[in-house]
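J.: sequence first, predicted model second:
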Protein chains: 4
Amino acid sequence: MTHYNYPKFGAGLWHFANYIDRYAVDGYGPALSTLEQIQEAKKVGDLSYVDIPYPFSPGVTLSQVKEALNDAGLKAIGITPEIYLRKWSRGAFTNPDPVARAEAMTLMNEAADVVRELGASYVKVWPGQDGWDYPFQVDHKQLWKLAVDGMRELAAANPDVKFAIEYKPREPRVKMTWDSAARTLLGIDDIGLDNVGILLDFGHALFGGESPADSAQLIIDRGRLFGMDVNDNLRSWDDDLVVGTVHMTEIFEFFYVLKINNWDGVWQLDQFPFRENNVEAARLSIRFLKHIYRALDKLDIAALQEAQSRQDAMQAQRIIQNALLSSIEVE
Amino acid sequence: MTHYNYPKFGAGLWHFANYIDRYAVDGYGPALSTLEQIQEAKKVGDLSYVDIPYPFSPGVTLSQVKEALNDAGLKAIGITPEIYLRKWSRGAFTNPDPVARAEAMTLMNEAADVVRELGASYVKVWPGQDGWDYPFQVDHKQLWKLAVDGMRELAAANPDVKFAIEYKPREPRVKMTWDSAARTLLGIDDIGLDNVGILLDFGHALFGGESPADSAQLIIDRGRLFGMDVNDNLRSWDDDLVVGTVHMTEIFEFFYVLKINNWDGVWQLDQFPFRENNVEAARLSIRFLKHIYRALDKLDIAALQEAQSRQDAMQAQRIIQNALLSSIEVE
Amino acid sequence: MTHYNYPKFGAGLWHFANYIDRYAVDGYGPALSTLEQIQEAKKVGDLSYVDIPYPFSPGVTLSQVKEALNDAGLKAIGITPEIYLRKWSRGAFTNPDPVARAEAMTLMNEAADVVRELGASYVKVWPGQDGWDYPFQVDHKQLWKLAVDGMRELAAANPDVKFAIEYKPREPRVKMTWDSAARTLLGIDDIGLDNVGILLDFGHALFGGESPADSAQLIIDRGRLFGMDVNDNLRSWDDDLVVGTVHMTEIFEFFYVLKINNWDGVWQLDQFPFRENNVEAARLSIRFLKHIYRALDKLDIAALQEAQSRQDAMQAQRIIQNALLSSIEVE
Amino acid sequence: MTHYNYPKFGAGLWHFANYIDRYAVDGYGPALSTLEQIQEAKKVGDLSYVDIPYPFSPGVTLSQVKEALNDAGLKAIGITPEIYLRKWSRGAFTNPDPVARAEAMTLMNEAADVVRELGASYVKVWPGQDGWDYPFQVDHKQLWKLAVDGMRELAAANPDVKFAIEYKPREPRVKMTWDSAARTLLGIDDIGLDNVGILLDFGHALFGGESPADSAQLIIDRGRLFGMDVNDNLRSWDDDLVVGTVHMTEIFEFFYVLKINNWDGVWQLDQFPFRENNVEAARLSIRFLKHIYRALDKLDIAALQEAQSRQDAMQAQRIIQNALLSSIEVE
């Protein structure tokens, strides 16, 4: 029996929260504190890292979080400032109100401090309320300038901390400002600082009509892949389903690209199991991700690259199916 | 100056609420009671009807609602039982738990009583949590049977009340059971009762890849158009934007079909102005709907029908643009 | 080693043609005659059936086709009248010109004769040009009436022949009249004849936002599943890719539903390998379909149904991944 | 009566061709020569420019084209090399075969010569076959490198000619390499030459989930808007419908952005009227575009900009509806 040296697995701590939406306004379950969520994450058994929303739940202190992480055998990989709450419902960086923008900046600077305190890798910046809802609502030039300038200001003020922008086409805003890999890279070029990069969410790329594998390559080639998240969806929305439940081939291609580029970061979950047991959802995910890891081990990469050099889709698929569906060969 | 005999306008009472979603978990504004929402609706000035969610907000009684409606000069057109709260997050009619199904039935029967008390037109049934999230999650035959049988049981128990199913492709469930006009009509055929019909939401039809005008015609031809809602979206989600802000031509075609079929119900708003002033959003909508009404008055219907008999899209568009953009002719 | 009793495999004969589109107007390869296409189909090695477009290519006779099929060890499962050529670019059943409609009827009656001659199972009716392109172009009531009445006339004139409607959301028409499973079943109810059913194309259902498994169940429950096609796509268009290259889980669920309903027809390919070797594309498909067949054999159906009775998505996915990715358990 | 100084109008010459697709393989009408298409374009009456595919139809010479343009009162704005015919069905710049790539380069260099001969503004480069169809088919790094390097080589060899890349998400390739505004700008940055820019197609941007107005602003801000095309679609495909038939508001916003940036190029049609009279389709378009031009004249830009500075969508919509639906104010 082969022994596999699996990668480190992580999860957004919200994976272990309960959720609310515009219809189930009483929530899909009782609210859980940051500390309770960490205890749930511990139960998974295979997690090494969590990405922690900030501020913590009411009354929870940084030292309590440190202790809870320690007890659970978990480390913080990132801190996610909640710049999408009511105060920023009309935007964080791009809010028309300078006071709201300043308050967002304050929260993100605090998040940078928490990164320092916890020895995390990055502040994850996900400005989900930055953008627009209606045609003609905004001056697009001004909106983009606010987005880019604000990110530069934040990163320049914290040169020792990495900032990972997580792009997404939309939601909650009808259209988000940082909406795609290419647009985000353009903005990063304009910012001109080394400590701004991308957290690539597999599902966001798929939702945006990208090939997540291609996006990973593009971002890596510019040295900006600071982190990544996986999940699944039906391509038309950010469903945040359990990874592997719909798009087995494309997630396999995504991890293949990471492998051949020697990208060795944390394999991280960003899932919203609204109606499922959160721990079971994480376990199903990691079981599938281990299968992907083993399938990459089985994959005949030389033969695949030869087929790709001819853009021979039929041969490439035959080769990858041999690895992904390993029984397909033997019977 | 022409005097126009405009139709009655209505709105889902939630148009005047504040919202919450999975990110802005502290809400887009403070929660408003049923009575406060009615007072907001009054401010619009042109509304005659509201569709009221049930149960009312905590502590509010039926007699208070009656009085508030009376004060505001409003009538209830429909009552919407909230069969999508936490208790039914895994489904109302199709919940795997018979206890949850029974509780949903109880709530809907109470809603029927409120319809009787308020002299409203229908119970609106929108089972947004009925459906599935993952491939292989459900036995599709059983799920559909639960949906159809439950609706039949409800309608049979209340033969004096109309039940208007509001279909939608998805959200909050990844896939809803009652997802389209045709599927809903199939189910209604199976139910076999006269008091089950459809509330056609313009945006849901658009989101589902239907022509809302075609769906209206199909439903009318089977005698099942019990009500309708309008709003707008970018076709890929139920954005519930202000009507007329994106799809002017298709909303015009929708009302054209209602007119030639002599459908004379309430023109009703189902909008979620997350970040806008709710009253202003309603006023902008009604201003646009009045324009549509006037444009229908200007429309050369005989010429349009002649063009349609030849399926002459260019001529049909020329004719409808003359009415919708009335200045296009004169300059 | 287990010996498997695989189902019969088939393919639309066009799988072995070359294609043309609005850009590569000189075609993706030289045109092939009906007889040449049959010879290509033979090379696949695992095909038993073909669905043959009619009219045959210029100069080819019915007896030549019979002989070629015989030589290739193939049978006709269906005949597809080409009611989407230039003459019917504005519609076959729904063409505004009664002469064009009559000509379409003539061609389809001839196709019924070919079905009789070749002992095929059905005339496949795919009215891809029936529908509309622009808002306001058509009178939706009249369009639907033409579609339903024409189909009834055709079926009534050939009571000994089955007619299988293949629905699709769109293409080449911007919107097709027979666009979904539910709409087609509604129309079939209105037609009221036993010899009209559905050919369910997996990719069309996926493209239309349906669960193909759910659609199969719905159609089977009404006794109308006359045939089926498989392929794959990215959900937003009828890409007609090789089956299994994108949606492994959903194709598995589709065949699971066929199995538990004891549907034992031909597993048929409807693929357009524009830039691939057609024979290789068919072989890759059948290799994958055999894997699906074996995975169904491994699947713990009792356990799956127990999980589905609780709508337990996590457990259901664990069970089906055990079968689909059979190695996932053993290592 | 106001006299308007309308912009110059143009059209892709293919607007006046007949089309073919994968179903209507005998074409939607008889093939027309380049010269015949120019004669049709003349009939429109309001066209000043055409974009001409190259090579011309068989037997047609450059001097004949010059003469025909002269007779018709038309000028060439661009030349579009047909790098998407059979020879390049697996790609022009990104074809795995270096011979095919070299042949594409030859054709594009010839197109540059025609631009010089006709005094046109640019070679339009639309590599619709460059990309991929299947997951794992290509090495994404290599594919992008071929795309960028090839474009640089072409532009460097013709420093006196402008090259306008027309991006599109997909079709005919399942995924195109130059798929969005931002990705194309990234590539242009990598190319590093001043004579490479973008032809922005309104419908392609809409299809790709972009705000065409935002894309126009982004491209203008980098000095790369070399040309533009308009049309319409249902957002999920490049339908190439007549402009204004679906998205009135967003086309208005698009031209608004051009106006405030003083972009004064040709307003050009890229439509495929498959089943319509081509001349009528162009006339309907230009009639609508003149309405847009007049509406821009009526638009209260100062008030709009004030509303946009507050991101006040309701007020912005009220203002633009006053201009677009000019009658909305007066009755």
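T.: Structure received.

J.: which residues of the stretch 51-200 of chain A fall in helices?
T.: A:62-72, A:98-118, A:140-157, A:181-191 (DSSP state H, counting those that start in this stretch).

J.: same check, this time on the stretch 201-331 of chain A
T.: A:202-207, A:212-221, A:248-260, A:278-298, A:301-309, A:313-324, A:327-330.

J.: quick one: those helices as TSV, columns for mean neighbour count and mean pLDDT too.
T.: Placement of C-beta: from N, CA and C, glycine included. Below are those laid out as TSV (neighbours: other C-beta atoms under 10 Å in any protein chain shown; pLDDT from 0 to 100):
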stretch	mean neighbour count	mean pLDDT
helix A:202-207	26	98
helix A:212-221	24	98
helix A:248-260	22	98
helix A:278-298	20	97
helix A:301-309	16	98
helix A:313-324	23	97
helix A:327-330	15	58
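
J.: which of those sits closest to A:Asp229?
T.: Smallest distance to A:Asp229 across those (C-beta to C-beta): 6.6 Å, for helix A:202-207.

J.: and the closest one, what does it pack onto?
T.: helix A:212-221, strand A:225-229, helix A:248-260 (3 or more C-beta pairs under 8 Å, 6 or more residues apart in numbering or on different chains; DSSP states H and E).

J.: turn these into CSV, including distance to chain D.
T.: Putting the helices and strands packed on helix A:202-207 into CSV (distance: least, C-beta to the nearest C-beta, whole Å) gives the following:
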stretch, distance to chain D
helix A:212-221, 4
strand A:225-229, 13
helix A:248-260, 5
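
J.: out of these, which gets nearest to chain B?
T.: helix A:248-260 (11.1 Å; C-beta to the nearest C-beta).

J.: can you name the residues in contact with the closest one?
T.: The contact list for helix A:248-260, computed with C-beta atoms under 8 Å, 6 or more residues apart in numbering or on different chains, reads A:202, A:206, A:211-214, A:216-217, A:220, A:228, A:230, A:232, A:243-244, A:267, A:292-293, A:295-296, A:299, A:301, A:320, A:323-324, C:245-246, C:248-249, C:325, D:135-136, D:140.

J.: mind saving the C-alpha coords of it as CSV?
T.: Below are the C-alpha coordinates for helix A:248-260, written out as CSV (Å, rounded to 0.1, in the frame of the first residue of the first chain):
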residue,chain,number,x,y,z
MET,A,248,-14.5,16.4,-11.0
THR,A,249,-12.5,16.9,-14.2
GLU,A,250,-12.0,20.6,-13.9
ILE,A,251,-10.9,20.4,-10.3
PHE,A,252,-8.5,17.8,-11.3
GLU,A,253,-7.1,20.1,-14.0
PHE,A,254,-6.9,22.9,-11.5
PHE,A,255,-4.7,20.9,-9.1
TYR,A,256,-2.7,19.5,-12.0
VAL,A,257,-1.7,23.1,-12.9
LEU,A,258,-0.8,23.8,-9.3
LYS,A,259,1.4,20.7,-9.3
ILE,A,260,3.3,21.2,-12.4
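
J.: angle of that helix against helix D:140-157?
T.: Interaxial angle of helix A:248-260 relative to helix D:140-157 (axes from the mean of the first three to the mean of the last three C-alpha atoms, to 10 degrees): 70 degrees.

J.: now the angle from helix A:248-260 to helix A:301-309?
T.: 110 degrees.

J.: so how far is helix A:248-260 off the chain centroid?
T.: 16 Å (C-alpha atoms, centre = their mean, to the nearest Å).

J.: now stretch A:106-118
T.: The mean C-alpha position of stretch A:106-118 is separated from the chain mean by 19 Å, C-alpha atoms, centre = their mean.

J.: buried ones in that stretch?
T.: Residues of stretch A:106-118 classed as buried: A:107-108, A:111-112, A:114-115, A:118 (neighbour count, 16 or more other C-beta atoms under 10 Å in any protein chain shown).

J.: in CSV, list the residues you listed along with distance to D:Ala147.
T.: Output for those, formatted as CSV (distance: C-beta to C-beta, whole Å):
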residue, distance to D:Ala147
A:Leu107, 41
A:Met108, 36
A:Ala111, 38
A:Ala112, 38
A:Val114, 42
A:Val115, 37
A:Leu118, 42
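
J.: JSON lines for these, including distance to chain C and pLDDT?
T.: Shown next, in JSON lines, are these (distance: C-beta to the nearest C-beta, whole Å; pLDDT from 0 to 100):
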{"residue": "A:Leu107", "distance to chain C": "35", "pLDDT": "98"}
{"residue": "A:Met108", "distance to chain C": "35", "pLDDT": "98"}
{"residue": "A:Ala111", "distance to chain C": "32", "pLDDT": "98"}
{"residue": "A:Ala112", "distance to chain C": "36", "pLDDT": "98"}
{"residue": "A:Val114", "distance to chain C": "32", "pLDDT": "98"}
{"residue": "A:Val115", "distance to chain C": "33", "pLDDT": "98"}
{"residue": "A:Leu118", "distance to chain C": "31", "pLDDT": "98"}
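
J.: can you redo those residues as TSV with distance to chain B?
T.: Shown next, in TSV, are the buried residues of stretch A:106-118 (distance: C-beta to the nearest C-beta, whole Å):
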residue	distance to chain B
A:Leu107	14
A:Met108	16
A:Ala111	16
A:Ala112	21
A:Val114	20
A:Val115	21
A:Leu118	23
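
J.: now the two most distant members of those.
T.: A:Leu107 and A:Leu118 (16.3 Å).

J.: so which of the helices of the stretch 201-331 of chain A gets nearest B:Lys75?
T.: Proximity to B:Lys75 (C-beta to C-beta) singles out helix A:202-207 among the helices of the stretch 201-331 of chain A, at 41.9 Å.
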